[in-house]
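In: Quick one, structure for this:
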Amino acid sequence: MAEEMRSSEIQQAVELAAKTYGAVGVQATVLRGGVTGETYVYGWATKGTDPMTPKHKFRTASITKVATGIAAMLLQEQGVLRLEDPVSNYWGDQVQNPNHPGIPITIQSCLTHTSSIRTFLPGVSLSYVDMAEQLRKPESYTMAVPGEPAAWDYNNYVFALLGLAFERAAHLHLDVILNRGIWNKLGVDVALEAGELRDTRNIVTLYRADGRVGLSVAAQVAGRRSKFPGVDGSHYMGGLTASSEDMARMAAMLINRGTFGSQRILSPESVAMMQQIQFQVNNMFWQAQPLDYQEGMFSRPEIYYHTGNAYGAFNLLSYDPASGDGMVVMTSGAKGTQDLFGIYRVCSDICQVAYDVMRR
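Out: I've put the predicted structure just below:
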């Protein structure tokens, strides 16, 4: 009975947050003590025709970057690369800040958003050829020193660069690296290009807060990987398509120092590297590799997390490393209002209730 009451509280929180911030659909999965728990849903995957279920897949947006970080650790453990390697090892000499010719732009500086490569507007080409041409231009770099905290600038473009670097180092598509290294072991159907999912029938339409379609199912299913690895990074900054439970399993692996059930996915050392705090950003959160960290969030001493925001999706993956409690929330169509920690309220309102319930 007590468990039913706790579940009811979380479901009520999901429904209240959805109605308060105007979400069309919500999917949320809890973790208790490092184990994935219930998934709660609200609303529509596609308005009027497809009710939201736990099986539906969202574009996770920037939560993709956590998977990219995992790929870096997998390849480092395999001896394919090292975090301290210059990205130019896999791209060529064009990836070098001309203002600091003696300081390489490393994989680690890209993971922590301190590459000193300029951010670029949406719509810029993410093909290897076009990116290589862009990165030859001196104006593609800031005056900041690569790897220094002062160089921090949240950079989607650089994660496309990283994905292509990993593919060129391993001679494999990033999806293949992740399928072999983590997704198959977690038992999930997840892909960086939605059209590569084994089952494409449960993809969520993304709606913007004004009701317009931000990204249709057809447009997502049209996303397919390039014929050869190292050619196109279009999906590597935010294209990971997964359910909240899929992402909760990924979080459970991190909570459990690299294991999921009986499967060893990463070494404890690799997980520690992903969680290693580097510096504070804007007197608010702390940058890890590439996770973020704050203290006091959701009334917990410490929380690792990553947000995602694209095409009307507002998403959050979070976990308390001490207790193993966590929460993954995916939403579509909500307002992007933020709380004092910089977290989307449609996600944080749900998480606050869930973390409070899990504490009892």
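In: which residues of the stretch 151-300 of the chain fall in strands?
Out: 206-207, 213-215, 241-242, 259-260, 263-264, 279-281, 285-287, 292-294 (DSSP state E, counting those that start in this stretch).
In: Now do the fourth one: distance to the chain's middle.
Out: Distance, stretch centre to chain centre, for strand 259-260: 19 Å (CA atoms, centre = their mean, to the nearest Å).
In: That one: partners in the sheet, and parallel or antiparallel?
Out: Strand pairing for strand 259-260, determined by DSSP bridges: strand 263-264 (antiparallel).
In: before we move on, what about the second one?
Out: The partner list of strand 213-215 in its sheet, established with DSSP bridges, is strand 206-207 (antiparallel).
In: quick one: which of the strands of the stretch 151-300 of the chain is nearest residue 100?
Out: Closest of these to residue 100 is strand 279-281, at 18.2 Å (criterion: CB to CB). For the C-beta atoms, the positions are set from N, CA and C on the backbone; glycine is no exception.
In: Show me what that closest one is packed against.
Out: For strand 279-281, the contact count by 3 or more CB pairs under 8 Å, 6 or more residues apart in numbering; DSSP states H and E identifies strand 285-287 as packing neighbours.
In: what's the average pLDDT for the strand it packs on?
Out: Computed over strand 285-287, the mean pLDDT rounds to 98.
In: Which residues in it does the neighbour count mark as buried?
Out: Neighbour counts using 16 or more other CB atoms under 10 Å place 285-287 of strand 285-287 among the buried residues.
In: just stretch 206-217 next, same as before
Out: Of all the residues in stretch 206-217, those buried under the rule 16+ other CB under 10 Å are 206-209, 213-215, 217.
In: among these, which two are most distant?
Out: Spanning the widest gap among the buried residues of stretch 206-217 are 209 and 217, at 19.2 Å by CB to CB.
In: Next up, identify which helix or strand residue 305 is on.
Out: Residue 305 belongs to strand 303-310 when assigned by DSSP states H and E.
In: could you give the mean pLDDT of that strand?
Out: 98.
In: now swap in stretch 179-189 and tell me
Out: Mean pLDDT, computed over stretch 179-189, is 98.
In: and the end-to-end length of that stretch?
Out: By CA to CA, to the nearest Å, the extent of stretch 179-189 from end to end equals 9 Å.
In: buried sites along it?
Out: Quick answer for stretch 179-189 (16+ other CB under 10 Å): 179, 181-183, 185-186, 188-189.
In: Show me the contact partners of it.
Out: 57, 67, 70-71, 74, 190, 197-199, 242-243, 245-246, 249-250, 253, 260, 263, 265 (CB atoms under 8 Å, 6 or more residues apart in numbering).
In: now that stretch, how far from the chain's geometric center?
Out: Centre to centre, stretch against its chain (CA atoms, centre = their mean), the figure for stretch 179-189 is 16 Å.
In: Remind me what the helix ranked longest in the chain packs against, helices and strands.
Out: Among the segments of the chain that qualify as a helix by DSSP state H, the longest is helix 2-21. Using 3+ CB pairs under 8 Å, 6+ apart, the elements in contact with helix 2-21 are strand 25-32, strand 35-46, helix 345-359.
In: Same list, the ones you listed, but as CSV with mean neighbour count and distance to residue 311 please.
Out: Formatted as CSV, these follow (neighbours: other CB atoms under 10 Å; distance: least, CB to CB, whole Å):
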stretch, mean neighbour count, distance to residue 311
strand 25-32, 26, 13
strand 35-46, 20, 14
helix 345-359, 22, 15
